[in-house]
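S.K.: Pasting the sequence and the predicted model now:
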There are 2 protein chains.
Amino acid sequence: MQLFLFIGFVFLKFSISNKAYIINFLKFNTMIQFNNLNPEIPYQCLKEKYDEALNAGQQGIEAISISSFNKDISEVNSRYVNLKFISNDEFIFFSNYDSPKASSFNSHNQIAALLYWPSINVQIRMKAKIKKTPNEYNQKYFFNRSEEKNALAISSNQSKKIDSFETVQKNFKKSLRNDDLKECPKYWGGYSFVPYEIEFWEGNEFRLNKRNLYIKNNTCWNHFILEP
Amino acid sequence: MQLFLFIGFVFLKFSISNKAYIINFLKFNTMIQFNNLNPEIPYQCLKEKYDEALNAGQQGIEAISISSFNKDISEVNSRYVNLKFISNDEFIFFSNYDSPKASSFNSHNQIAALLYWPSINVQIRMKAKIKKTPNEYNQKYFFNRSEEKNALAISSNQSKKIDSFETVQKNFKKSLRNDDLKECPKYWGGYSFVPYEIEFWEGNEFRLNKRNLYIKNNTCWNHFILEP
């Protein structure tokens, strides 16, 4: 009986120390949707690592860093977005088309994309050209989203300066009451990129990290091992 | 007694499902070292968020994405490095000075740096100019590192193509036997950057994300609220 009391106590203590972890996992975790995934090796490797990270309880598994260069102001910039789909060989996320990242993509259409899953200590590095998804695609996707998300997409001038967070909330509520929440505005939609380089970096003891690089050469991928 | 058996079983099941998480946390987690932290608001905000993430058990808390632009090949690139120190207002990490990122920094010395802590759903976005740390600083830091890490730094031509991972291991072992592991090679050392822009992005319900931007203007920081 005392033994079970002790076991109960130890696991209760463990459970409390992981409370924030669990709450945030349930609250924020969404997933990447794979549609008709490309059968080529780097895509299959990516799916394998994704499943490993998912099984290890990776939080924010869909968060992908997108780095761009704005030629007009000669500045690199970087931000996380939610990677929503990998459809065959295309990576797709959504954004405001008047945002600073959209200006960067207009001025220089090559980007770097980075996934990092600390639960398995793996990063996946990509280089790609980026373009907008078709208008019909955006309309269809928007139509099936929640009204709240759409009200935010309609009401927010992404990355513009504003006087207060209360104004953000006010504009959001106004949009929720007044706007057609099924009609995708012209200034909102998807971006799609198809990588021409994919590197799988796996952390290892003493920094003897394992690095496998795939470079697309016309229709096939060349494989290289890189020094850590 | 049966109740305690049940409690023990539930927590044991929970513990097993989190096994990968715990093993990786213990194995890979290192920390950022804060030295004489700058008293200005954005630095104090950063420390506050860091402490929150640490308390939430954030894995890979020291992993920072560094994005660069190589003017010679007109290409953006991005990779995670370990952020070792924040000393007053300087962010410091270490690298091979002959690596592709070093070439990028040489051709364009402005970078974007990105921290993301999914346990608290916060990203910290920075823009900065980057430069090498002084040679004496590198020597001193290298002198106090483990022999294994130094053997890897000496023996690896970072990001160069190599025939196999076995050759990486062979070169490492050779360096461990033959090289002076206290002498920092000329091609290895630190990079330091001081941000001129810092944004704190906090995820919120319905994408009503909270965004606080600080832009340095000579000696003071201007604060702005951004639309989500």
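M.R.: Nice, thanks for sending it over.
S.K.: And stretch A:207-224, end to end?
M.R.: Stretch A:207-224 has its terminal residues 19 Å apart, counting by Cα to Cα, to the nearest Å.
S.K.: Is chain B within reach of that stretch?
M.R.: Yes. Contact of stretch A:207-224 with chain B (Cβ under 8 Å from any Cβ of the partner chain) involves A:Arg207, A:Leu208, A:Lys210, A:Arg211, A:Leu213, A:Phe224. Any C-beta I mention is one placed from the backbone N, CA and C, and that applies to glycine too.
S.K.: Counting neighbours, which of these comes out on top?
M.R.: Most neighbours among the residues of stretch A:207-224 next to chain B, by other Cβ atoms under 10 Å in any protein chain shown: A:Arg211, with 22 neighbours.
S.K.: Any idea what that one is bridged to?
M.R.: With DSSP bridges applied, A:Arg211 shows beta-bridge pairing to A:Trp201, A:Leu226.
S.K.: Contact partners for it?
M.R.: By Cβ atoms under 8 Å, 6 or more residues apart in numbering or on different chains, the residues touching A:Arg211 are A:Glu199, A:Phe200, A:Trp201, A:Glu202, A:Ile225, A:Leu226, A:Glu227, A:Pro228, B:Ser159.
S.K.: Report the buried members of these.
M.R.: Buried members of the contacts of A:Arg211, scored by 16 or more other Cβ atoms under 10 Å in any protein chain shown, are A:Glu199, A:Phe200, A:Trp201, A:Ile225, A:Leu226, A:Glu227, A:Pro228, B:Ser159.
S.K.: I'd like these as a markdown table, with distance to B:Asp179 appended.
M.R.: Converted to a markdown table, the buried ones among the contacts of A:Arg211 look like this (distance: Cβ to Cβ, whole Å):
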| residue | distance to B:Asp179 |
| --- | --- |
| A:Glu199 | 28 |
| A:Phe200 | 29 |
| A:Trp201 | 25 |
| A:Ile225 | 23 |
| A:Leu226 | 21 |
| A:Glu227 | 16 |
| A:Pro228 | 16 |
| B:Ser159 | 20 |
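S.K.: before we move on, back to that, just send the contacts of A:Arg211 back as JSON lines, with pLDDT too.
M.R.: Conversion of the contacts of A:Arg211 to JSON lines gives the following (pLDDT from 0 to 100):
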{"residue": "A:Glu199", "pLDDT": "98"}
{"residue": "A:Phe200", "pLDDT": "98"}
{"residue": "A:Trp201", "pLDDT": "98"}
{"residue": "A:Glu202", "pLDDT": "98"}
{"residue": "A:Ile225", "pLDDT": "98"}
{"residue": "A:Leu226", "pLDDT": "98"}
{"residue": "A:Glu227", "pLDDT": "97"}
{"residue": "A:Pro228", "pLDDT": "97"}
{"residue": "B:Ser159", "pLDDT": "96"}
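S.K.: what element comes up after the least confident helix or strand in chain A by mean pLDDT heading to the C-terminus?
M.R.: Lowest by mean pLDDT, DSSP states H and E among the helices and strands of chain A is helix A:19-28, with a mean of 50. Beyond helix A:19-28 on the C-terminal side, the first helix or strand identified by DSSP states H and E is strand A:33-35.
S.K.: Quick one: residues contacting the closest residue to A:Lys71 other than its chain neighbours.
M.R.: Leaving aside its sequence neighbours, A:Lys71 sits nearest to A:Ser107 (Cβ to Cβ, 6 or more residues apart in numbering or on different chains; 4.1 Å). By Cβ under 8 Å, 6+ apart, A:Ser107 lies in contact with A:Phe69, A:Asn70, A:Lys71, A:Asp72.
S.K.: How much space separates A:Ser107 from A:Phe69?
M.R.: Noted for A:Ser107: a distance of 8 Å to A:Phe69, by Cβ to Cβ, to the nearest Å.
S.K.: mind giving me the domain split of chain A?
M.R.: Split into domains by automatic domain parsing, chain A comes to A:1-30, A:31-145+A:189-226.
S.K.: taking those together, which one is wrapped up most tightly?
M.R.: domain A:31-145+A:189-226 (a mean of 18; mean count of other Cβ atoms under 10 Å in any protein chain shown).
S.K.: C-terminal to the helix or strand harbouring A:Lys129, what's the next element?
M.R.: Following DSSP H and E, one finds A:Lys129 within strand A:122-132. Where DSSP H and E defines the elements, the next helix or strand beyond strand A:122-132 is helix A:135-143.
S.K.: how about A:Leu37, secondary structure?
M.R.: Here A:Leu37 is coil, with the state taken from DSSP: H, G, I helix; E, B strand; the rest coil.
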